[in-house]
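> Next comes the sequence, and after it the predicted model I'd like to discuss.
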Amino acid sequence: MNPTQTASVAESTNTAVSFAFRGETYNVPPTSAWPFRALEAYEDGKLAAFLRAILGTDYARLADFTVGDVSEFVEELSKGLGIQGN
């Protein structure tokens with residue numbers, strides 16, 4: 001199943017989307033289950049607040065990441081959610 005199909009299944013079954021980054025597995029709820037504050041943070045360009053809102057306790061695992069690491073992490077998150085970017 002490709003990431004878009006995986007994300008679609010997660011949406012329809014209200015289950016977490018799993019994706020890997022540097023050998024670690026992360027889980028995020030399907031986008032329809034994200035808290036509204038996640039959308040607000042995203043729209044306001046507040047990446048840390050956005051990630052904190054959607055990752056929950058997994059957010060602490062990013063504490064020692066560099067800004068470059070976070071950029072790569074967001075790319076993998078987007079792929080896991082089936083979101084196409086530039």
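Received, thanks.
> Tell me how far the longest helix belonging to the chain lies from the chain's centre.
Using DSSP state H, we find that the single longest helix of the chain is helix 67-80. A distance of 8 Å separates the C-alpha centroid of helix 67-80 from that of its chain, computed with C-alpha atoms, centre = their mean, to the nearest Å.
> That one - what's its average pLDDT?
Averaged over helix 67-80, pLDDT sits at 94.
> Equivalent analysis for stretch 9-21, please.
80.
> that older thread, pull out the buried residues from the longest helix of the chain.
Within helix 67-80, the residues that qualify as buried are F73, V74, L77, K79, G80, counting by 16 or more other C-beta atoms under 10 Å. (Each C-beta comes from the backbone N, C-alpha and C, glycine too.)
> ok, now stretch 20-38?
Buried residues in stretch 20-38, counted by 16+ other C-beta under 10 Å: F21, Y26, V28, P29, P30, T31, A38.
> now the strands: where do they sit in the protein?
In the chain, the strands defined using DSSP state E lie at 17-21, 24-28.
> Reformat those as TSV; add distance to V67.
Converted to TSV, the strands of the chain look like this (distance: least, C-beta to C-beta, whole Å):
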stretch	distance to V67
strand 17-21	15
strand 24-28	18
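> Looking at the ones you listed, which is nearest to F65?
strand 17-21 (9.7 Å; C-beta to C-beta).
> and the angle for that closest one with strand 24-28?
Counting by axes from the mean of the first three to the mean of the last three C-alpha atoms, to 10 degrees, strand 17-21 points 150 degrees away from the direction of strand 24-28.
> No more questions from me, cheers.
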